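Chemist: I would like to see how this sequence folds:
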Amino acid sequence: MQFDTLIIGGGLAGLCCAIRLEEQGKHCAVVSAGQSALYFSSGSLDLLCRLPDGTPVSAPSNALNALASQAPSHPYSLIGGHIGTDGVMALAHEAQALLGRCGLDLYGHPDLNHQRITPLGTRKPTWLSPVDIPVTTLEGQLPWRKPVIVGIEGFLDFQPQMVVSSLATEQGITAEVAYLHLPALDLLRNNPSEFRSVNIARVLDQPQHSAALADELSRLAGDADCIILPACIGLDDNLALERLRAAVDCPILLLPTLPPSLLGMRFHQAMQRRFNQLGGIFMPGDKALKAQFDGQRIVGVYTRNHGDIALRARHLVLASGSFFSNGLVATRERIIEPVFGLDILSHADRGDWCQADFFAPQPYLHFGVKTDGGQRALLAGQALENVYAVGAVLGGYDPLRQGCGGGVSLISALYAARQIVLAQEK
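Modeler: Predicted coordinates:
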């Protein structure tokens, strides 16, 4: 099987790179081993929220030079060394436009972070957020002073009391708690293991339940100026939520729940749908196992489902993720990248991989594949000619403490796509 580019990993980085290449006429295939990490995300994406020294970042474009000084191995720093900080920000704008072409309606701008409301009611700076969740400017407050936070009786993945407490503490907002009672959910409620956001949405999205849901929310709203629900509606699209908003005389917003995240799932589905519409080949439930080398090139990849039939492509993109998705594997002695055996940025002494304090910055979060400035993966200190590494498999940054995971995935993916197109034009 022959392709222009083979992408290993079907998450945010892999799909972004694949979509951009397909948009430029390159035939791509994506090998995806399992559920993307997007299924466990809030649906918001961070660009850069904090420098390594702890300094908060409000305008990412103004912080890239300081980032390069403090973290020269950060993917932004490596990419910026070749295309400049303006080039990095141009890729952020390009990423936002690409997500828009996927049909994702997002709030935010690369030049200025905003605050999103978390499932606990606290605020967290970020770059892009689904338009259906409550957000504020960095220094602003929510415009509602008397919202009602509506939980679902028996649904444990969303705790409205915590939201109410945080809104009162952080913003001085007096919110009320109410619980939704809908007979259509009783069958699910009787089986707690099935009472999850996805299954609830499959019920609430059905048009025959719209009127009863709208009546119940209108009753619970009372004199509230906003209704905030757990994100348990709109599994495949926004039609059910739009019907509900049209029927209820009060603004309705959503908050992410504990995983699986409906907002994250919808994000992934929109990107995969765009890739398929462009003609890309998505191979779910498959796993890259080993590679066939010809000098400094990869000429074939063998996967679990294709047995001894190699997948062949002029270029390969490794977007297999970090430890969470087994893109990186920790043995007792070292950290390895299991498909190509690539060079890893890590600490040799296992005792230096983590700190005893759970809440302290963890060194292992910086571990990942080494690349050159052209995003090509390194093996034995030399760049492989046709292999690019993108997203969470990369080393040199802490996605949690620095608040840059989504941005690294998108920017590195688009930069790799650009490098692949340039290489094919030579």
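
Chemist: and the biggest helix by length in the chain, what other elements does it pack with?
Modeler: Among the elements of the chain assigned as helix by DSSP state H, the one spanning the most residues is helix 75-101. Here helix 75-101 is seen to pack against helix 12-23, helix 60-70, strand 106-107, helix 405-425 when contacts are counted using 3 or more C-beta pairs under 8 Å, 6 or more residues apart in numbering; DSSP states H and E. C-beta: built from backbone N, CA, C; applies to glycine.

Chemist: which residues sit against the second one?
Modeler: Helix 60-70 is contacted by residues 47-48, 51-53, 55, 57, 74, 76-77, 80-81, 85, 88-89, 92, 110-111, 113, 127, 407 when judged by C-beta atoms under 8 Å, 6 or more residues apart in numbering.

Chemist: same question, the third one
Modeler: Residues from elsewhere that reach strand 106-107 (C-beta under 8 Å, 6+ apart): 45, 96, 99-100, 114, 128-131, 135.

Chemist: Among those, find me the one that's closest to M1.
Modeler: Top of the list for closeness to M1, among the contacts of strand 106-107 and by C-beta to C-beta, is L99 at 28.9 Å.

Chemist: Domain-wise, how is this protein divided?
Modeler: The chain breaks down by automatic domain parsing into domains covering 42-139, 141-260.

Chemist: do you know which of those domains lies nearest L345?
Modeler: Ranking these by proximity to L345 (C-beta to C-beta) places domain 42-139 first, at 6.5 Å.

Chemist: measure the closest one end to end?
Modeler: Distance between the boundary residues of domain 42-139 (C-alpha to C-alpha, to the nearest Å) amounts to 22 Å.

Chemist: Any idea how many residues pack against L316?
Modeler: The burial count assigned to L316 is 29, neighbours taken as other C-beta atoms under 10 Å.

Chemist: do the same with L318
Modeler: Other residues within reach of L318, judged by other C-beta under 10 Å, total 30.

Chemist: Provide the partner residues of it in its beta bridges.
Modeler: With DSSP bridges as the criterion, the beta-bridge partners of L318 are I8, A389.

Chemist: Distance check, it against C17.
Modeler: As defined by C-beta to C-beta, to the nearest Å, L318 lies at a distance of 10 Å from C17.

Chemist: Please identify every residue contacting each of these two.
Modeler: V390.

Chemist: Which of the contacts of strand 106-107 fall in strands?
Modeler: With DSSP state E as the criterion, strands contain 114, 129-130, 135 from among the contacts of strand 106-107.

Chemist: how about the lowest-mean-pLDDT helix or strand in the chain: buried residues?
Modeler: When each helix and strand of the chain is scored by mean pLDDT, DSSP states H and E, helix 186-189 comes last, with a mean of 85. Within helix 186-189, the residues that qualify as buried are 188-189, counting by 16 or more other C-beta atoms under 10 Å.

Chemist: For the helix or strand following it, name the packing helices and strands.
Modeler: Beyond helix 186-189 on the C-terminal side, the first helix or strand identified by DSSP states H and E is helix 197-204. With contacts defined as 3+ C-beta pairs under 8 Å, 6+ apart, the packing partners of helix 197-204 are helix 186-189, helix 262-277.

Chemist: before we move on, back to that, can you tell me which of the helices and strands packed on helix 75-101 is most buried?
Modeler: Each of the helices and strands packed on helix 75-101 was assessed for mean neighbour count using mean count of other C-beta atoms under 10 Å. The highest is helix 12-23, with a mean of 28.

Chemist: would JSON lines of the contacts of strand 106-107 with neighbour count be doable?
Modeler: Compiled in JSON lines, the contacts of strand 106-107 are given as follows (neighbours: other C-beta atoms under 10 Å):
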{"residue": "L45", "neighbour count": "25"}
{"residue": "Q96", "neighbour count": "19"}
{"residue": "L99", "neighbour count": "22"}
{"residue": "G100", "neighbour count": "11"}
{"residue": "H114", "neighbour count": "21"}
{"residue": "L128", "neighbour count": "26"}
{"residue": "S129", "neighbour count": "23"}
{"residue": "P130", "neighbour count": "26"}
{"residue": "V131", "neighbour count": "13"}
{"residue": "V135", "neighbour count": "19"}
